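In: 3D, please:
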Amino acid sequence: MGFVQATKTCFGKYFVFSGRAVRSEYWWFVLFVVLVSLIFAIVDASIFGTDPETGQGIQVLTPIFQLAVLIPMLAAGWRRLHDTGRPGWYLLLPAALSIATVLMLFSGIAVFSALEQGANDPETLRGPAAFLGVTGLMVVGILQLILTVLMIWWLSRPSQEGDNAYGPAPV
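Out: Model prediction:
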């Protein structure tokens with residue numbers, strides 16, 4: 001499957017999470033999304049310039065495009081994992097880890113704030129809080145890296161031969 005056909009297929013299956021997608025379909029679509037995002041980033045910088053206070057480029061078109069392709073990218077990855085014989089929900093593991101991290105950070109802040117109010121010397125809690133926070137972020141960072149590499153590995157694997165639990169082998 002070529003670049004144009006893969007792009008048409010992925011947009012044609014905008015909300016289709018069932019079935020299978022061959023490697024070329026998925027990776028050509030990923031290349032399309034990266035290239036168009038890059039083009040929109042250049043156009044955004046050219047048209048909207050930069051924020052004088054922060055020095056960062058103002059982006060308008062790029063986030064709109066990325067929101068528009070979020071569902072077909074997710075669907076294509078879901079089908080790609082099906083093609084390798086894995087459940088599509090595995091694609092959500094890195095996002096689930098990120099959400100769990102945010103929840104743990106907010107929980108830690110709430111717990112240490114409550115402990116700080118009841119402590120005679122709140123300064124004594126800053127060391128353990130910083131240690132737990134930094135250690136937790138390092139562990140999560142390593143887990144996120146492992147999950148990302150694993151996801152790329154799964155998405156780049158050859159198709160499972162013949163029919164599998166997710167449908168017949170794609171042509």
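In: helix or strand right after the helix or strand bottoming out on mean pLDDT in the chain?
Out: The weakest-scoring helix or strand in the chain, judged by mean pLDDT, DSSP states H and E, is helix 93-118 (a mean of 87). Using DSSP states H and E, the helix or strand that follows helix 93-118 in sequence is helix 126-155.
In: and that next one, what does it pack onto?
Out: helix 70-83, helix 93-118 (3 or more Cβ pairs under 8 Å, 6 or more residues apart in numbering; DSSP states H and E). Where C-beta positions appear, they are placed from N, C-alpha and C, glycine not excepted.
In: so which of these is the most packed in?
Out: helix 70-83 (a mean of 21; mean count of other Cβ atoms under 10 Å).
In: Counting by contacts, list what that one packs against.
Out: So helix 70-83, by 3+ Cβ pairs under 8 Å, 6+ apart, packs with helix 3-12, helix 23-48, helix 126-155.
In: tilt between the shortest one and helix 70-83?
Out: Translated: helix 3-12. Orientation of helix 3-12 against helix 70-83 (axes from the mean of the first three to the mean of the last three Cα atoms, to 10 degrees) gives an angle of 100 degrees.
In: try the longest one
Out: Relative orientation of helix 126-155 and helix 70-83, computed by the same axes, to 10 degrees: 70 degrees.
In: Distance from the chain centre to helix 126-155, please.
Out: Remark: helix 126-155 is offset 15 Å from the chain centroid, using Cα atoms, centre = their mean, to the nearest Å.
In: Could I get the buried residue list for that helix?
Out: 129, 140, 147, 151, 154-155 (16 or more other Cβ atoms under 10 Å).
In: Report the mean confidence score over it.
Out: In this model, helix 126-155 carries a mean pLDDT of 90.
In: what angle do it and helix 93-118 make?
Out: 170 degrees.
In: can you tell me which of the helices and strands packed on helix 126-155 comes nearest to Ile64?
Out: helix 70-83 (11.0 Å; Cβ to Cβ).
In: what is the orientation angle of the closest one with helix 23-48?
Out: Computed by the same axes, to 10 degrees, the angle between helix 70-83 and helix 23-48 is 160 degrees.
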